[in-house]
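Student: Structure for this input, please:
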Amino acid sequence: MQKGAGSISWVTPNNKLHTDRGRIHFQRDAASLQRPQRVNSSVRRPRSTWHGDTMKAIIHTQPGLLALLVVVWGCSHPATARAGEPEPEVVRVMSFNLWHGGDAGKQPLDRTVAVIKESKADLVGLQETAGLAPRGKPRPDRAAEISKRLGWHYLDQGGNTGIISRFKIDAVTPRKWGAKVKLPSGRQLYLFNAHLAHSPYQPYQLQRIPYGNAPILKTEAEAVKSAQDARGGQVARMLAEVKAIQSEGLPVFVTGDFNEPSHLDWTAAAVKAKYCPLAVQWPSTKAVEAAGFVDAYRVIHPDPVKKRGLTWTPTTKADDPKKGNGAGAAISGATQGVKKLRGLLGR
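Tutor: Predicted coordinates for the structure are as follows:
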């Protein structure tokens with residue numbers, strides 16, 4: 001994401017987790033999905049219910065960062081646990097766009113490491129992992145440096161993306177979209193991570209903001225086609241690897257920067273509120289949803305007008321006409337064995 005960094009969150013029906021440009025995607029059996037109770041975002045640990053399980057959201061603004069705390073293989077409360085059920089296990093998942101390794105924003109690496117420590121994340125999907133370097137010189141791998149400082153495991157996915165994990169990485173999918181992680185209990189889960197093409201950027205094209213010599217767009221159909229042409233292949237390749245491991249029945253998380261808004265944000269209501277120029281069924285999030293995922297943030301905050309979930313850079317003013325309306329990072333998940341969502345950070 002070149003223009004700024006941020007986060008989105010998704011959650012789906014069917015027990016699998018995946019990400020969009022700044023969201024958490026969480027898959028679950030559709031029959032068990034219920035709308036959560038109203039969440040008070042001013043409280044650090046508000047509660048909502050999901051078919052008897054507890055979903056707690058912790059929300060604060062941190063550009064480029066989104067974290068989800070999940071309780072896997074456990075019940076909502078010890079008192080409700082049935083005999084023979086395994087003890088609950090907590091896992092915290094984060095998506096973090098470093099913005100050229102933190103160098104573009106002159107962010108000391110110590111601060112980036114401190115943010116991850118403060119979040120208590122266990123798994124982090126990183127985007128823009130390469131730092132800046134003089135012309136002709138190799139760009140430093142900031143993800144490798146971060147993982148070394150944390151004493152964590154690291155998967156270099158290529159393309160300036162990477163996964164760092166407090167826990168051992170047991171296996172990697174063929175194209176490195178995902179890593180199988182082994183928890184201390186011996187249980188396993190998958191984390192996928194993506195950084196989709198940043199240009200052409202359709203929100204700018206629709207708002208007549210020059211960027212990358214891209215043509216001006218006027219209609220939803222034009223925006224959808226342009227976005228599909230730009231990122232559809234990447235999304236399809238990621239979801240193909242997700243599909244390939246679904247038979248293992250493990251929880252699956254997807255983090256990433258989609259560089260494309262969500263169709264759940266650019267709605268008729270958002271247009272009426274003048275938050276976006278027109279309603280758009282953005283194809284990347286639609287594809288993730290079609291694969292069985294639900295936007296975790298929009299499950300907790302279903303109204304895109306009351307809770308916009310802005311993920312844009314904080315270095316400009318909210319009404320800056322040259323900034324436009326964008327979206328940011330993502331965490332998603334497939335929830336076989338996932339019993340609680342305990343928190344969302346960022347957005």
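Student: Could you verify that residue 189 is part of a strand?
Tutor: Yes - counting by DSSP: H, G, I helix; E, B strand; the rest coil, residue 189 falls inside a strand.
Student: Report the beta-bridge partners for it.
Tutor: residue 181 (DSSP bridges).
Student: Name the SS class of the residue lying closest to residue 156 once chain neighbours are set aside, please.
Tutor: Nearest non-adjacent residue to residue 156, counting by CB to CB, 6 or more residues apart in numbering: residue 162, 5.3 Å away. No exception for glycine: its C-beta is placed from N, CA and C like everyone else's. Classification of residue 162 using three-state DSSP returns strand.
Student: residue contacts, residue 162?
Tutor: By CB atoms under 8 Å, 6 or more residues apart in numbering, the contact set of residue 162 is 126, 129, 141, 143, 144, 147, 154, 155, 156, 193.
Student: Name only those of those that count as buried.
Tutor: 126, 129, 141, 143, 147, 154, 155, 193 (16 or more other CB atoms under 10 Å).
Student: Any chance of these in TSV with distance to residue 268 as columns?
Tutor: Formatted as TSV, the buried ones among the contacts of residue 162 follow (distance: CB to CB, whole Å):
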residue	distance to residue 268
126	35
129	38
141	44
143	40
147	44
154	44
155	41
193	32
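Student: Need the max-distance pair from these.
Tutor: Greatest spacing in the buried ones among the contacts of residue 162, by CB to CB: 141 and 193 (14.9 Å).
Student: ok so residue 270 is a strand residue?
Tutor: No - in this structure, residue 270 is helix, not part of a strand, as judged by three-state DSSP.
Student: what about it, how many neighbours?
Tutor: 22 (other CB atoms under 10 Å).
Student: and it, what does it touch?
Tutor: 276, 279, 304, 305, 308.
Student: Apply 10 Å and report the result again.
Tutor: By CB atoms under 10 Å, 6 or more residues apart in numbering, the contact list for residue 270 reads 261, 264, 276, 277, 278, 279, 280, 303, 304, 305, 308, 325.
Student: Could you list the low-confidence segments of the stretch 201-347 of the chain?
Tutor: For the stretch 201-347 of the chain, the stretches flagged by pLDDT under 70 are 311-314, 318-319, 321-347.
Student: so where do the helices sit in it?
Tutor: For the stretch 201-347 of the chain, helices defined by DSSP state H, counting those that start in this stretch occupy the ranges 202-206, 220-245, 268-272, 283-290, 296-300.
Student: thinking again about what came up before, identify the bridge partners of the residue nearest to residue 156.
Tutor: Beta-bridge partners of residue 162, as defined by DSSP bridges: residue 126, residue 156.
Student: for residue 206, what are its contacts?
Tutor: Contacts of residue 206 (CB under 10 Å, 6+ apart): 216-220, 222-223, 226, 266, 276-278, 280, 324-325.
Student: what do you get if the cut-off is 6 Å, keeping everything else the same?
Tutor: 217, 223, 277 (CB atoms under 6 Å, 6 or more residues apart in numbering).
Student: any idea which of these is closest to residue 240?
Tutor: For these, the nearest to residue 240 is residue 223 (24.7 Å; CB to CB).
Student: how many other residues sit next to the closest one?
Tutor: Residue 223 has 24 neighbouring residues, counting by other CB under 10 Å.
Student: I'd say it and residue 217 touch.
Tutor: Yes - contact criterion CB atoms under 6 Å: residue 223 and residue 217 qualify, at 5.2 Å.
Student: re the thing from before, which one of the contacts of residue 270 sits closest to residue 111?
Tutor: residue 308 (26.6 Å).
Student: State the pLDDT value of the residue nearest to residue 156.
Tutor: The model reports residue 162 with a pLDDT of 98.
Student: And it, how far from residue 117?
Tutor: Using CB to CB, to the nearest Å, residue 162 is found at 18 Å from residue 117.
Student: and residue 233, how many neighbours?
Tutor: Per other CB under 10 Å, the neighbour tally for residue 233 reads 12.
Student: Put the alpha carbons of stretch 135-149 into CSV.
Tutor: Output in CSV follows, covering the C-alpha atoms of stretch 135-149 (Å, rounded to 0.1, in the frame of the first residue of the first chain):
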residue,chain,number,x,y,z
ARG,A,135,20.0,3.4,-5.6
GLY,A,136,21.7,0.2,-6.7
LYS,A,137,22.0,-1.1,-3.1
PRO,A,138,19.9,-4.0,-1.8
ARG,A,139,16.9,-3.0,0.3
PRO,A,140,17.1,-4.3,3.9
ASP,A,141,14.7,-7.0,5.0
ARG,A,142,13.0,-5.3,8.0
ALA,A,143,10.8,-8.3,8.7
ALA,A,144,13.9,-10.5,9.2
GLU,A,145,15.3,-7.9,11.6
ILE,A,146,12.1,-7.6,13.5
SER,A,147,11.8,-11.4,13.9
LYS,A,148,15.4,-11.6,15.0
ARG,A,149,14.8,-8.9,17.7
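Student: Report the rounded mean pLDDT for that stretch.
Tutor: The average pLDDT within stretch 135-149 is 98.
Student: same question, stretch 187-196
Tutor: For stretch 187-196, the per-residue pLDDT averages 95.
Student: May I see the buried residues of that stretch?
Tutor: Going by neighbour count (16+ other CB under 10 Å), the buried part of stretch 187-196 is 187, 188, 189, 190, 191, 192, 193, 194, 195, 196.
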